[in-house]
Structures are given as C-alpha cells and as structure tokens.
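1. attaching a predicted model along with its sequence, questions to come.
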Number of protein chains: 2
Amino acid sequence: MALIEIPARRGKALRLRAGQRVRVVNTYGQQIVDTWAFNNEDLNEFMSMEHSRVAIGRIIPAVGDTMVTNKRQPIVTLVEDTSGGIHDTLFAACDRWRYESLGCAGYHDNCTDNLAAALAELGLATRETPSPLNLFMNIPVVDGHRVEIRPPVSTPGSCVTLRAEMACIAAFSACPQDVVPINGLALSPTAAHFEVLD
Amino acid sequence: MALIEIPARRGKALRLRAGQRVRVVNTYGQQIVDTWAFNNEDLNEFMSMEHSRVAIGRIIPAVGDTMVTNKRQPIVTLVEDTSGGIHDTLFAACDRWRYESLGCAGYHDNCTDNLAAALAELGLATRETPSPLNLFMNIPVVDGHRVEIRPPVSTPGSCVTLRAEMACIAAFSACPQDVVPINGLALSPTAAHFEVLD
C-alpha cells in the first residue's frame, strides 16, 4: 500500500483489521506523531497509557510490547522500531489550553483538535481525548522525578510499526508544537507518513 | 475537624470548598490511597496526571506543586508531605480486569469500584475513572525506562495535605491490592484517614 501523508500540523485516522500493521514513518526525522487507537466496536474503549505502563512494566514501549486498553485488553503491539526507541507515554496531547499557557495569542493548531477532525473524516466522534502514545517524542525522566523536553533522537525515514490486536481505529497527529523543541530545535513541525501492511 | 476513616479496601468522597485543605493520614504507614479530584461544577473536568506532569515538570509532585485538570486548570496543591515524598502518577487505578490478569478468582475489591461507590454516597456518578494520584505508592522509574513495584517508604501517621484550588469533589480509595506488595510486604491492606482543615 502507498504511503499516506499525515500533513504538517494535522491529523489522520484509519480503520485497521485485527492483524494488520501500520508503519509510521518519521519522514523528515524530527516530527512527533501523537498516536491513538480505539476499539472499533466501542470508541469508549481505547489504548490507555496508564494501563499499558502497568502491563508492559515500562514507561516507553519496546519492540514486542503490547499496549492495552482502559479495559486492559491488547490493542496494538510494537513490532518494529528503527527510530532509536525513544517515545513518550507521560504527556497529554497538546490542546488550546496548552498553547494559551505558553503565551500564544489566538488559535493554535493542536493534537486534541486534530484527533477530533481526523475522526470526523470517518464520521466518528469520541467523548474523550485519551492520553496518546507520542511516537518519537523524547521526554526523559531525570533523577527519578523530573521530566525534560528534548528534541527527538529519530532520523529521517526511521519508523515504528504497530500491529492491531483487535479491529480498531488508529489516529495520528503530526504535532503542531512550535513553541518548545519537542519537534526539533528548528521549532518547525513537518508532515509524517504511514502505510498499512497486510 | 475529626479524623474520618477511609475503611480498609473501601473508598470515601467529600466536597471541598476552594481554599480548604484535606490532610490524608497513612495511619498504619504502608497503605496506598488512590486520590481523585473533580470540578464541583462539572465532573467531566478532573485532576489529570498526564496534564499535571506537563504542568509541574515531574512525575512525582513535590510540596508546592499544583496539579491541574484535563482543561489545565489548577485543582489541588500539595502543601504538606511528611511521608518521604514518594507517590505515583503512572499507574491506573486497579479494576476487576487487573485482578483477573493477576489470577484472582471471583470478585476482588478494587479502586475503580471504590471510586464509583464513594461518589454514589454523595449522589454522584462519573463516566470515567481518571488515572489517580496514588498517594504513598512507590513505583520508581529504573534505568530511565522500567517501572518497579515496591513497598511504600511512608511511616505510620505520616501524611500529605492537599489544598483545593477550586470547589471540588475529592475521592479516596484505600487500595485493596493484596497480590503485589504495593501496600507493603505483608500484602495486608489497611484503613487510612483524612481530616478537613479550614
């Protein structure tokens, strides 16, 4: 299947059958991709970071780790990672309040609205914005307590592949954060891409 | 105000006015207290661990840190901590699926159901079980990635005091976990207490 663009500062969602894989490509190397997965049969069941950390015993999933839902059911497994293995499960999706608190005047694109728009393209809506799996995002825990915001360690064309463990809706947002350097020191959000592998 | 019991394996909720403080006492020293706070005007706005970690720059709140809601509004501030300063923001509340996955046969008390029961005593219900602030819970991040489950470092009678930054419903659950040693090596959940300070 061809590469599909996640446009810069925008979101994109798709349906996956159980067993299908989706490869997320960090095309330009420094772009965070906020990632969600919802049970196709019940959008109120979704991939949950707080349940997955318990299940995998880690704050950053590694190849072979299966993320679970808020009902502790397997939903996606990380099956490939050429990005350096640094991702984030600690930070909420950005939203209008985040950019207000950073001093942005007026509307700023954000991952929360991107998720809603991406789902709306499929005729779907959710009542929640679950805390996302932030692919390629580098939020180290320092000294056991503090979190730092650092540029990604990923490189152009590196990727992560997720296998669906249930029929699900996957959604991605090419994070529009351009105030703090989580999308690279250039503060210049870019597109990313994905492809579905049967 | 007198000490109020959070019975062993059970939950308890109360209303707080803005500015009121609630002191949570680890009476017997090794008991986790899952803690939630909901906006009194809108139970769909609640203390959020994933938003608070961004706000405070830490995975464990310290004295002076203000936790925020899923709309990034201040909801409670940690104003006193004699417990050793170790708490958890990473793990979901336990639920029936957690105990099923640990091999428990039949129903097991759990913090998710305790929250619902505690709110029901006030005539309230929420559609979500937000990820709680797990007071006294010791989940260190080791080697930057792994999480471990360890007994509390707190001692009998040690306490944490939270100040309400908005009118809110606070809810507590004396965690009934008796399979893994988060409530101490004795695997013996106990009561805890709280008192409201004007």
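-> Alright, I've got the coordinates.
2. can we go C-alpha only for contacts and neighbour counts from here?
-> Noted.
3. and the gap between A:Pro176 and A:Ser158?
-> 20 Å (CA to CA, to the nearest Å).
4. more neighbours, these two?
-> Shown here are A:Pro176 and A:Ser158; by other CA atoms under 10 Å in any protein chain shown, A:Pro176 has more neighbours (26 against 19).
5. confirm the more buried one sits in a strand?
-> No: remark: A:Pro176 does not belong to a strand; assigned using DSSP: H, G, I helix; E, B strand; the rest coil, it is coil.
6. helices of chain A, start to end?
-> In chain A, the helices defined using DSSP state H lie at A:49-56, A:96-101, A:111-121.
7. would you mark the buried spots in the second one?
-> Neighbour-count burial for helix A:96-101, counted by 16 or more other CA atoms under 10 Å in any protein chain shown, picks out A:Arg96, A:Trp97, A:Arg98, A:Tyr99.
8. report pLDDT for the second one.
-> Okay, so that is A:Trp97. Listed pLDDT for A:Trp97 reads 96.
9. pretty sure it is touching B:Asn70, no?
-> No: at 9.5 Å, A:Trp97 does not count as touching B:Asn70 under the criterion of CA atoms under 8 Å.
10. any idea how far A:Lys67 is from A:Ala171?
-> Careful, residue A:67 is Met; it's not Lys. Using CA to CA, A:Met67 is found at 15 Å from A:Ala171.
11. which of these two has more neighbours?
-> A:Met67 (27 against 23).
12. contacting residues for the more buried one?
-> Contacts for A:Met67 (CA atoms under 8 Å, 6 or more residues apart in numbering or on different chains) come out as A:Met47, A:Ser48, A:Met49, A:Ser52, A:Ala55, A:Ile56, A:Pro61, A:Pro74, A:Ile75, A:Val76, A:Thr77, A:Leu78.
13. same list, the residues you listed, but as TSV with distance to chain B please.
-> Output for those, formatted as TSV (distance: CA to the nearest CA, whole Å):
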residue	distance to chain B
A:Met47	12
A:Ser48	9
A:Met49	8
A:Ser52	9
A:Ala55	9
A:Ile56	9
A:Pro61	8
A:Pro74	12
A:Ile75	15
A:Val76	18
A:Thr77	17
A:Leu78	16
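14. what number of residues lie near A:Gly106?
-> Neighbours around A:Gly106, by other CA under 10 Å: 8.
15. whoops, I mixed them up, A:Ala116
-> A count of nearby residues for A:Ala116, using other CA under 10 Å, gives 20.
16. need phi/psi at the residue lying closest to it once chain neighbours are set aside.
-> Setting aside the residues directly before and after it, A:Ala116 is nearest to A:Ala125 in space (CA to CA, 6 or more residues apart in numbering or on different chains), at 6.5 Å. A:Ala125 adopts backbone torsions of phi -150, psi 150, taken as degrees, to the nearest 10.
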